[in-house]
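**Q** with the input below, show me the fold.
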Amino acid sequence: MGGVDGDFNGDGLRDVVIADPMATVSGKVRAGLIHVVLGGGKGTVEVSQDMPNVSDAAEPGDQFGFSFAVYDADKDGCSDLAVGIPYEDVYSVPDAGLVQLVYGSTLGIGQGKSDIGFRQGADGLMKEAYEPEDWVGYSVATTVSATGIPYLIIGAPGEDVDGKTDSGLVTCVYGTGMSVVSFDQQSTGVWEDREAYDQFGASIAAAGNLFVVGVPGESIDSDRTAGAVVAFRPSINTDGIPAPVWGMGQSRADGAESSAEAGDRYGTSVSLTSYRPSGAASASDFILAVGAPGEDLAGAVDAGVVQTYHSTAAGTVSQLNWIDQNTATVEGEAEAGDFFGQRVRVVNTSPSAVGTASTMRLAVGVPGEETSEDFRDKGGVQVMPLIGDPGSGDAWIDPGYGIPSEPAHQQLAGISLGGTRTALYVGMPYGPAGGRAVYGFPWNVASGGAPTQTWKPGEGGIPAENVAFGTAVG
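**A** Numbers count the residues shown, from 1 in each chain. Below is the predicted model:
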């Protein structure tokens, strides 16, 4: 049965998940839903809170599908879908947030056993008190520990801990018995301290025996919202939390102690993949990409930057590259409001082999890019090697140039990135209706290259109705 990542019905074929958190469900505006496109051309399934085996009910403004992650939570060979609903009201408390785990089965997703909901409160599985705008489920990620234990990691960046507004909280749900533990920056061994507006858990990335939490609101010295990232092992230590590995604020590869500046929001986006270094017997290490879309460059406010790191099996971390659009050999030019790095996505296309520039790939979303004054914030995506020289073979795609959508104002191409080992997914939830779709590109796409896959409302069994189809994709 199954065993393929992202296979919800156990037929051995990968399925694709496309979220429209702004969709109307049963007349409820912005209730949100997810389209699961079944592999092998077997049609689509709509997952929402109005499904019979999904608890609660669709409500206006919930935004079901704001985030999601896929893993085999019960180890039955069928993938399961963890859906973040950060704007879910808990009783009368607005935007407290919820994560729903919708199970896959041979009958189909949501057709087997009933879902599990993870929310706060004395009658919830997460025991912290629910409060307005905690945003439980703003980010979610999944992985499997070195001993085969499934982990679901949930971010609640709006959580107020001990009176610290929006300091943030992360919860791990682990094992098939669904054990739950929560932690923040005041937990033993975690880098830095709990502070108001840190937003610990605003982004999360996981791969194998490591996960990384973005803290984009972190203040570094006197620089507010400079940002930080903190890494953990998916294994519970003697302090009762996932074992902290390292933490850091922004620094440069040229040896400068810190390049943190107010408003950089380093850690807004994070993405992690396994890596086999030369001489290693397996993919025991990791490569991490961190986006700081608020970075100012040579007077260009919010031009943005991406930094990449090598995290070793021993738990050390070192910087590989500082990448911006002024970097020598990298295409483009850094401009104000580009927000380069608002989204990042990394992949290892051959995880059993020694990593190379052709197998270790990085995609950077640049939603504020405008290649001419005709189309403000048209956006685009830059694809490049994750290791080695990022400018050696980088490629650029945007609406009308590779992305088959008519160019227009505020399309924000690059705001939604996903993918697998074989394809990079670019979601286009905004802009002209004819271009709203999810496009799959090869990871070695050339500049202006065409997609090899397309999922579009009104085609291939996908309902035509959509509001922000492709806001998240995987």
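**Q** quick one, what contacts the closest residue to residue 403 other than its chain neighbours?
**A** The shortest distance from residue 403 to any non-neighbouring residue, by Cβ to Cβ, 6 or more residues apart in numbering, is to residue 397 (5.4 Å). For the C-beta atoms, the positions are set from N, CA and C on the backbone; glycine is no exception. Applying Cβ atoms under 8 Å, 6 or more residues apart in numbering to residue 397 gives the contacts 380-381, 383, 403, 426, 441, 445, 447-449.
**Q** swap in 10 Å and give it another go.
**A** By Cβ atoms under 10 Å, 6 or more residues apart in numbering, the residues touching residue 397 are 363, 380-383, 403, 413-414, 424, 426, 439, 441, 445-451.
**Q** what of residue 136?
**A** So residue 136 contacts 84-86, 88, 90, 95-99, 118-120, 124, 126, 128, 130, 154-159, 169, 171, 201 (Cβ under 10 Å, 6+ apart).
**Q** still on that earlier bit, could I have the buried ones of the contacts of residue 397 as ChimeraX selection syntax?
**A** Of the contacts of residue 397, the buried ones can be selected in ChimeraX as follows, counting by 16 or more other Cβ atoms under 10 Å:
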select :363,380,381,382,383,403,413,414,424,426,439,441,445,449,451
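**Q** take the contacts of residue 397 and keep only those in helices.
**A** Per DSSP state H, helices hold no members of those.
**Q** run through the bridge partners of residue 83.
**A** As for beta bridges, residue 83 partners with residue 68, residue 100 under DSSP bridges.
**Q** was I right to think it contacts residue 51?
**A** No. Using Cβ atoms under 10 Å, residue 83 is not in contact with residue 51, being 11.0 Å away.
**Q** the two: which is more packed in?
**A** The neighbour comparison of residue 83 against residue 51 (other Cβ atoms under 10 Å) goes to residue 83, with 30 against 17.
**Q** can you give me the distance of the more buried one to residue 432?
**A** With distances taken as Cβ to Cβ, to the nearest Å, residue 83 is found 28 Å from residue 432.
**Q** repeat that for residue 363.
**A** 23 Å.
**Q** show me what residue 419 is bridged to.
**A** Bridge pairing for residue 419 - DSSP bridges - gives residue 424.
**Q** let me know the pLDDT of it.
**A** pLDDT for residue 419: 92.
**Q** how many residues are close by it?
**A** 21.
**Q** so it sits against residue 445, correct?
**A** No. Contact criterion Cβ under 10 Å: residue 419 and residue 445 do not qualify, at 11.5 Å.
**Q** anything in contact with each of these two?
**A** Taking Cβ under 10 Å, 6+ apart as the contact rule, residue 419 and residue 445 both touch 361, 363, 426.
**Q** what about the residue lying closest to residue 217 once chain neighbours are set aside, how many residues nearby?
**A** In space, and not counting its chain neighbours, residue 217 is closest to residue 199: 3.9 Å by Cβ to Cβ, 6+ apart. Residues near residue 199, counting by other Cβ under 10 Å, number 27.
**Q** same check, this time on the one 3 residues further on
**A** Taking other Cβ under 10 Å as the criterion, the count of residues near residue 202 is 26.
**Q** got the contact list for it?
**A** Residues in contact with residue 202 (Cβ under 10 Å, 6+ apart) are 135, 138-139, 155-158, 166, 168, 213-217, 227, 265, 267-270.
**Q** got it, and residue 333?
**A** 297, 300, 303, 324-326.
**Q** top of these by neighbour count?
**A** Result: residue 303 is most packed of these (other Cβ under 10 Å), 26 neighbours.
**Q** so that residue makes contact with residue 342?
**A** No. With contacts counted by Cβ under 10 Å, residue 303 stays clear of residue 342, the gap being 11.5 Å.
**Q** any shared contact partners between these two?
**A** Joint contacts of residue 303 and residue 342 (Cβ under 10 Å, 6+ apart) are 293-294, 366, 368.
**Q** pretty sure residue 165 is touching residue 134, no?
**A** No. With contact defined as Cβ under 10 Å, residue 165 does not reach residue 134; the gap is 11.2 Å.
**Q** who touches both of these two?
**A** 158-159.
**Q** neighbour count winner among the two?
**A** More crowded of residue 165 and residue 134, by other Cβ under 10 Å: residue 134, with 27 against 13.
**Q** for that one, what are its contacts?
**A** Contact analysis of residue 134 by Cβ under 10 Å, 6+ apart lists 86, 90, 93, 95-97, 119-120, 126, 128, 156-160, 166, 168-169.
**Q** one more time with 6 Å, if that's ok
**A** Listed by Cβ atoms under 6 Å, 6 or more residues apart in numbering, the contact partners of residue 134 are 96-97, 156, 158-159.
**Q** which of those has the largest number of neighbours?
**A** For these, the largest number of neighbours (other Cβ under 10 Å) sits with residue 156, at 35 neighbours.
**Q** quick one, what contacts that residue?
**A** 134-136, 169, 201.
**Q** and if we set it to 10 Å?
**A** 84, 86, 96-97, 99, 120, 126, 128, 130-131, 133-139, 166, 168-171, 182, 184, 199-202.
**Q** mind listing which of these are in strands?
**A** Using DSSP state E, the subset of those located in strands is 84, 99, 139, 169-171, 182.
**Q** relative to residue 65, which of the contacts of residue 134 is nearest.
**A** residue 97 (13.3 Å; Cβ to Cβ).
**Q** quick check, pLDDT for that closest one.
**A** Model confidence at residue 97, given as pLDDT, is 96.
**Q** just residue 401 next, same as before
**A** Residue 401 carries a pLDDT value of 96.
**Q** right, and it touches residue 375 too?
**A** No. Counting by Cβ under 10 Å, residue 401 stays clear of residue 375, with 11.3 Å between them.
**Q** of these two, which one has the most company?
**A** residue 375 (20 against 16).
**Q** can you give me the distance of that one to residue 314?
**A** Distance, residue 375 to residue 314, using Cβ to Cβ: 48 Å.
**Q** hang on, the earlier thing: anything in contact with each of residue 401 and residue 375?
**A** With Cβ under 10 Å, 6+ apart as the test, residue 401 and residue 375 both reach residue 407.
**Q** residue 135: what's it in contact with?
**A** Residues in contact with residue 135 (Cβ under 10 Å, 6+ apart) are 66, 84-88, 95-97, 155-159, 166, 168-169, 199, 201-202.
**Q** all strands of the stretch 151-300 of the chain, in order?
**A** 169-174, 179-183, 203-207, 210-215, 228-236, 242-249, 269-275, 285-292 (DSSP state E, counting those that start in this stretch).
**Q** between the first one and strand 179-183, how big is the angle?
**A** What that stands for is strand 169-174. 160 degrees (axes from the mean of the first three to the mean of the last three Cα atoms, to 10 degrees).
**Q** just the CA atoms of strand 169-174, as CSV, please.
**A** In CSV, the C-alpha atoms belonging to strand 169-174 read as follows (Å, rounded to 0.1, in the frame of the first residue of the first chain):
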residue,chain,number,x,y,z
LEU,A,169,4.8,29.7,20.7
VAL,A,170,5.5,26.4,18.9
THR,A,171,3.8,23.1,19.6
CYS,A,172,5.0,19.6,18.6
VAL,A,173,2.6,16.8,18.2
TYR,A,174,4.6,13.5,18.0
